[in-house]
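K.L.:
Give me a model of this one.
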Amino acid sequence: QVQLVESGGGLVQPGGSLRLSCVASGGTFRRYVMGWFRQAPGKEREFVAAITWGGNTYYADSVKGRFTISRDNAKNTVYLQMNSLKPEDTAVYSCAARLYVVSNTASDYGYWGQGTQVTVSS
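P.N.:
The predicted model follows:
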């Protein structure tokens with residue numbers, strides 16, 4: 001059983017940056033594909049980025065070139081560096097984990113954190 005805890009959300013002005021962190025416990029971290037998803041009010045949850053245990057990365061088109069996902073297997077932590085933030089990036093961001101195979105579909109992930117709010121506003 002894997003537990004995930006996110007941190008790092010907050011209020012930021014358009015064009016600003018934030019770094020989200022997600023610490024995992026209770027499993028063998030390197031076996032898991034880690035993903036970030038987000039959900040804005042009134043919208044469905046959407047894929048943001050994912051990273052395999054070996055460091056291969058995948059991004060939604062909407063964040064490509066602005067967001068960077070990374071992981072530190074020694075610290076059981078995955079990060080999401082978000083630059084050039086836009087008001088439309090406002091959402092609750094959640095990290096998720098699944099074994100071995102990367103996916104951009106939320107229902108494929110069996111473990112979820114509680115989420116952290118990111119608000120981009122002037």
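
K.L.:
now the strands for this protein?
P.N.:
3-7, 10-12, 18-25, 32-39, 46-51, 57-59, 67-72, 77-82, 91-99, 111-112, 116-120 (DSSP state E).

K.L.:
I'd like to know which of the ones you listed lies nearest to T105.
P.N.:
Among the strands of the chain, the nearest to T105 by C-beta to C-beta is strand 46-51 (7.3 Å). (Glycine included, C-beta is placed from N, CA and C.)

K.L.:
got the CA coordinates for the closest one in PDB?
P.N.:
C-alpha atoms of strand 46-51 as PDB (Å, rounded to 0.1, in the frame of the first residue of the first chain):
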ATOM      1  CA  GLU A  46      -6.800  15.800 -16.600                       C
ATOM      2  CA  PHE A  47      -3.300  14.400 -17.100                       C
ATOM      3  CA  VAL A  48      -0.400  16.800 -16.600                       C
ATOM      4  CA  ALA A  49       2.800  14.700 -16.600                       C
ATOM      5  CA  ALA A  50       4.300  11.300 -15.800                       C
ATOM      6  CA  ILE A  51       7.700   9.800 -15.200                       C
END
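
K.L.:
mind listing what it pairs with, with the direction of each?
P.N.:
Strand 46-51 has the following sheet partners, assigned by DSSP bridges: strand 32-39 (antiparallel), strand 57-59 (antiparallel).

K.L.:
which residues sit against it?
P.N.:
33-39, 57-60, 63, 67, 69-71, 78, 80, 93, 102-106 (C-beta atoms under 8 Å, 6 or more residues apart in numbering).

K.L.:
Name only those of those residues that count as buried.
P.N.:
Neighbour counting with 16 or more other C-beta atoms under 10 Å marks 33-38, 58-60, 63, 67, 69, 71, 78, 80, 93, 102, 106 as buried within those.

K.L.:
Would you format the strands of the chain as CSV with mean pLDDT included?
P.N.:
Output for the strands of the chain, formatted as CSV (pLDDT from 0 to 100):
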stretch, mean pLDDT
strand 3-7, 97
strand 10-12, 98
strand 18-25, 97
strand 32-39, 97
strand 46-51, 98
strand 57-59, 98
strand 67-72, 97
strand 77-82, 98
strand 91-99, 97
strand 111-112, 96
strand 116-120, 98
